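Peer 1: fold the following.
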Amino acid sequence: MHRAILLFGYPGSGKGTQGKILNSLPGFHHVAMGDVFRGLKADNPLYPEVSTLLKAGNLVPDALVMELFAQNISQRKISDTDLLVIDGLPRSRQQVNLLNQHAAVIKIFKLSVYNEDLVVRRMKRRAQLENRPDDASDEVIQHRLDVYRTETESCIKAYPGTILTRIQADQPVFDVHMDIINALGKMRDIRFP
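Peer 2: Predicted structure coming up:
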């Protein structure tokens with residue numbers, strides 16, 4: 001079973017950015033479920049359903065999320081000895097239970113941003129740069145923030161508080177990364193090759 005680090009936080013809090021940076025470390029593999037969903041090709045039978053849900057800012061059904069997660073890990077041939085850096089999963093209590101069948105969560109980083117205007121600005125900028133329609137609409141953005149507050153954030157409580165580290169995510173990207181690296185450096189079960 002893989003060991004996993006979870007990145008939690010509002011949409012636009014920097015999970016994807018930090019995941020990509022950690023992915024550059026040997027033995028770390030970033031799995032961004034949003035990228036997995038958006039990477040589905042139009043000829044994939046799951047594309048119409050996933051695309052419709054994303055455009056509305058809604059969550060993808062749990063079983064479908066886990067199917068795509070497992071496919072992604074399998075296709076990438078990630079060794080069980082490597083670490084998964086997961087963002088965008090779990091987003092519901094059911095996904096917590098399903099993820100526990102695939103990975104042992106050893107660390108959670110909650111990227112905290114206390115100014116929602118900042119995440120809204122980041123999402124709109126990302127919509128322009130990455131052509132992400134789910135980040136372009138004010139209505140969809142507010143819906144996504146509401147879904148995070150009401151469903152996703154409570155998933156953290158399913159894990160022991162001892163593995164949670166809060167990171168102030170409205171500081172520069174490098175400072176956020178250094179806070180994460182410092183926390184990882186204190187863990188006994190993390191080895192940097």
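Peer 1: just checking, next helix/strand downstream of the helix or strand containing residue 94?
Peer 2: Residue 94 is part of helix 93-99, with elements assigned from DSSP states H and E. Where DSSP H and E defines the elements, the next helix or strand beyond helix 93-99 is strand 103-112.
Peer 1: any idea how far residue 13 is from residue 88?
Peer 2: Using CB to CB, to the nearest Å, we find residue 13 at a distance of 12 Å from residue 88. C-beta here means a position set from N, CA and C on the backbone, and glycine is covered the same way.
Peer 1: before we move on, back to that, same for the helix holding residue 94, what does it pack against?
Peer 2: With contacts taken as 3 or more CB pairs under 8 Å, 6 or more residues apart in numbering; DSSP states H and E, helix 93-99 sits against helix 62-76.
Peer 1: how distant is the next helix or strand after the helix it packs on from the center of its chain?
Peer 2: Sequence order places strand 83-87 as the next helix or strand after helix 62-76, per DSSP H and E. From the chain centre to the centre of strand 83-87 is a distance of 8 Å (CA atoms, centre = their mean, to the nearest Å).
Peer 1: now stretch 179-186
Peer 2: With CA atoms, centre = their mean, you get 18 Å for stretch 179-186.
Peer 1: report pLDDT for the residue of the chain positioned farthest from its centre.
Peer 2: In the chain, the residue that sits farthest from the middle, by CA atoms, centre = their mean, is residue 43; the gap is 25.3 Å. Looking at residue 43, its pLDDT is 90.
Peer 1: from residue 159, how far out is it?
Peer 2: Distance from residue 43 to residue 159, by CB to CB: 37 Å.
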